[in-house]
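>>> sharing a model prediction with you, sequence too.
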Amino acid sequence: MKNKLSVVLVLVLTFAVAGCANTIRGVGKDVSNTADAVADSVNDVAN
């Protein structure tokens, strides 16, 4: 019984960590896109 609980706990933690990795990757893309948009706006104003 204790062994089965350990296996289930490991699986749940694995999926939780995988979900966090995707979220962090998505935030990185959003920040990158925002930085690009700001740089483009600054270039438009400067010209």
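Yes, it's here. As the structure is a computational prediction, the values presented were derived from the model and not from experiment.
>>> and stretch 4-16, average pLDDT?
Mean pLDDT, stretch 4-16: 89.
>>> switch to numbering from 20
Sounds good: first residue 20 from here, last item stretch 23-35.
>>> chain center to that stretch: distance?
Between the centre of stretch 23-35 and the centre of its chain there are 21 Å (C-alpha atoms, centre = their mean, to the nearest Å).
>>> quick check: buried residues in it?
By neighbour count on 16 or more other C-beta atoms under 10 Å, the buried set for stretch 23-35 is empty. In this view, the C-beta of every residue, glycine as well, is placed from N, C-alpha and C.
>>> CA atoms of it as CSV?
Extracted as CSV, the C-alpha positions of stretch 23-35 are listed here (Å, rounded to 0.1, in the frame of the first residue of the first chain):
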residue,chain,number,x,y,z
LYS,A,23,1.6,2.3,-4.4
LEU,A,24,1.1,5.7,-2.7
SER,A,25,4.8,6.6,-3.4
VAL,A,26,4.4,5.8,-7.1
VAL,A,27,1.2,7.9,-7.3
LEU,A,28,2.9,10.8,-5.5
VAL,A,29,5.9,10.7,-7.9
LEU,A,30,3.6,10.7,-10.9
VAL,A,31,1.6,13.7,-9.6
LEU,A,32,4.8,15.6,-8.8
THR,A,33,6.2,14.8,-12.3
PHE,A,34,3.1,16.2,-14.0
ALA,A,35,3.1,19.3,-11.7
